[in-house]
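K.L.:
Quick one, structure for this:
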Amino acid sequence: MDQSRASDQTNTLSQIHEGPHAPGPFAAQPFGRLKAIFIGSAGNLVEWYDFYCYSAFALYFAQSFFPSQDTTAQMLSTAGIFALGFFIRPVGGWLFGHIGDVAGRRKALMLSVLLMCFGSLMIAVTPTYERIGSAAPTLLMVARLLQGLSLGGEYGASATYLSEMATGARRGFYASFQYVTLIGGQLTALLVLLILQNFLLSDQQLRAWGWRVAFFVGALLALIALIMRRGLFETAIFQQQARSDSGRERGKLRELLAHPKEALIVVGLTMGGTLAFYVYTTYMQKFLRLSVGLTDGQSTAVSAASLIFAMLLQPIYGALSDRIGRRPLLIGFGILGTMFTVPLLTAISRARGPWEALALIAVAWLIVSGYTSINAVVKAELFPAKIRATGVGLPYAIAVSLFGGSAEYVAFWFKSIGRESGFYWYATGVIACTLLVAVFMRDTKRVSAIDKELLPAAQA
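P.N.:
Numbers count the residues shown, from 1 in each chain. Got it, this is the predicted structure:
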């Protein structure tokens, strides 16, 4: 879509008048649009903070739920429950996708953050194994399943909302903030850990009870996000879709099955991208500690610094996709990820200090950001409005549960059998599959389903 057409659509959108949560004249102006994107993104940050607290603090609370003298065995058990939180995400992707397509993106976003609040609070108050025995890891598992259900719905709803709110000419840039806040959620979890480690609590206090503080903070932030999301207005595209049909086909699985190619593209793109993402985020902190030999503080600091770098890259790559298209970035990620995953992870494992490790992880993020920055908008541009939240959320959640959530577990399994480098090759093979999908797909910037709906929605 050229610049003149994008300008015409933006001008037409400014004339929309709807109900109390709809994009009226104020919302359609740049400030109103930015406010909506900010609120949607802020809620996304909180949800991912809550979810990643588990990973960031796992080294401290593992012994509370999985007593063992073997640290690797403890982490393997902890990673197993981390993976379970992902396996429920397809259910969340379907449930909240259905809600988003039938009742609206706004309602799906509010319900998902409310459920995340409950899951975080549950972890914060769950007694240890010493006090209630096997019930402790069982309750931890239930809480993670609730969080996984919430997050499974958050991705599809937020990706759809941000993509529909953005103007066509800058959709890649605005949608990239989903991963800015996604990464920001993990970064916030690490910053909370750094503050507790260095300023407030001793190592013994952190392991005994201090890790609970982070989950209480997460529950409080989720309540704040819920209040903020109450003020969100619905997207014009959803409202137009709601007026144009009876709603019988919106959010239905049979409607999703009418788009098998698009659903398979989402799975194919996600499998390599999500695995790479989790290698350099949740797993990397443990990798630096257990394989590279950095201290707890050094591992946390390096992880936090690399995430700041990754956050800065997202809008840059997103803006680049608005100029050159989405597909070149995806192909670049696939080629470079296939070529350099093994050399990079091998080099990181042999790093001689935190600065060298940080530099190598930064190089990895230059590659991975080709996927993370635009994956949400690419998927949203594949589907029509009546099935968009479900079409983005469900196939994505399936791929994440299989390849993202299992990343730590697979990595620790290779480590436990003395073949850690096998995980590097596994990651390479999965990324290569994503490369094949990117090569043969069409560029969604040029055939965007959102662009086809945008002008009719504005004129309605």
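K.L.:
Report the secondary structure element holding residue 186.
P.N.:
helix 177-195 (DSSP states H and E).
K.L.:
helices and strands around that helix, which ones?
P.N.:
Contact analysis of helix 177-195 by 3 or more C-beta pairs under 8 Å, 6 or more residues apart in numbering; DSSP states H and E lists helix 30-56, helix 135-165, helix 211-229, helix 296-324, helix 375-380 as its packing neighbours. The way it works is simple: take the backbone N, C-alpha and C, and place the C-beta from them, glycine included.
K.L.:
Now it: buried residues?
P.N.:
Within helix 177-195, the residues scored as buried using 16 or more other C-beta atoms under 10 Å are 177-194.
K.L.:
Distance-wise, check the nearest residue to residue 444 once chain neighbours are set aside relative to residue 409.
P.N.:
Nearest non-adjacent residue to residue 444, counting by C-beta to C-beta, 6 or more residues apart in numbering: residue 381, 3.8 Å away. Distance of residue 381 to residue 409, given as C-beta to C-beta, to the nearest Å: 32 Å.
K.L.:
Show me which of these two is the more surrounded one.
P.N.:
residue 381 (27 against 21; other C-beta atoms under 10 Å).
K.L.:
contacting residues for residue 230?
P.N.:
Under the criterion of C-beta atoms under 8 Å, 6 or more residues apart in numbering, the contact list for residue 230 reads residue 110.
K.L.:
Can you give me the distance of the residue nearest to residue 444 to residue 327?
P.N.:
Here residue 381 is placed at a distance of 11 Å from residue 327 (C-beta to C-beta).
K.L.:
can you check residue 310 too?
P.N.:
According to C-beta to C-beta, residue 310 stands 22 Å off from residue 327.
K.L.:
hang on, the earlier thing: pLDDT on the helix holding residue 186, on average?
P.N.:
Averaging pLDDT along helix 177-195 yields 85.
K.L.:
go on, stretch 404-424?
P.N.:
According to the model, stretch 404-424 has a mean pLDDT of 87.
K.L.:
Centre of the chain to it, how far?
P.N.:
22 Å (C-alpha atoms, centre = their mean, to the nearest Å).
K.L.:
what about it, how long is it end to end?
P.N.:
14 Å (C-alpha to C-alpha, to the nearest Å).
K.L.:
and what of stretch 237-257?
P.N.:
22 Å.
K.L.:
Contacts only, for the residue nearest to residue 444.
P.N.:
Residue 381 is in contact with 163, 171, 326, 444, 445, 447, 448, 449, 450, 451, counting by C-beta under 8 Å, 6+ apart.
K.L.:
Sitting in strands, which of the residues you listed do you find?
P.N.:
Among the contacts of residue 381, no residue falls in strands (DSSP state E).
K.L.:
Show me which of the residues you listed are buried.
P.N.:
By 16+ other C-beta under 10 Å, these give 163, 171, 326, 444, 445, 448, 449, 450, 451 as buried.
K.L.:
Those into TSV, with extra columns for distance to residue 373 and pLDDT?
P.N.:
Below are the buried ones among the contacts of residue 381 laid out as TSV (distance: C-beta to C-beta, whole Å; pLDDT from 0 to 100):
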residue	distance to residue 373	pLDDT
163	13	82
171	12	86
326	10	94
444	14	87
445	13	86
448	17	79
449	20	78
450	17	79
451	19	76
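K.L.:
Where helices are concerned, which of those residues count?
P.N.:
In helices, defined here by DSSP state H, the members of these are 163, 171, 449, 450, 451.
K.L.:
Pick the one among the residues you listed closest to residue 434.
P.N.:
residue 163 (20.3 Å; C-beta to C-beta).
K.L.:
Surely that closest one and residue 377 touch.
P.N.:
Yes - using C-beta atoms under 8 Å, residue 163 is in contact with residue 377, at 5.1 Å.
K.L.:
what touches both of these two?
P.N.:
171, 175.
K.L.:
picking that back up, can you tell me which of the helices and strands packed on helix 177-195 comes nearest to residue 397?
P.N.:
helix 135-165 (4.5 Å).
K.L.:
residues in contact with residue 283?
P.N.:
Residue 283 touches 407, 408, 411, counting by C-beta under 8 Å, 6+ apart.
K.L.:
any chance of those residues in JSON lines, plus secondary structure, neighbour count and distance to residue 268?
P.N.:
Shown next, in JSON lines, are those (DSSP: H, G, I helix; E, B strand; the rest coil; neighbours: other C-beta atoms under 10 Å; distance: C-beta to C-beta, whole Å):
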{"residue": "407", "secondary structure": "helix", "neighbour count": "27", "distance to residue 268": "17"}
{"residue": "408", "secondary structure": "helix", "neighbour count": "25", "distance to residue 268": "22"}
{"residue": "411", "secondary structure": "helix", "neighbour count": "28", "distance to residue 268": "22"}
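K.L.:
Among these, find me the one that's closest to residue 156.
P.N.:
Of all the contacts of residue 283, residue 156 sits closest to residue 407, with 20.7 Å by C-beta to C-beta.
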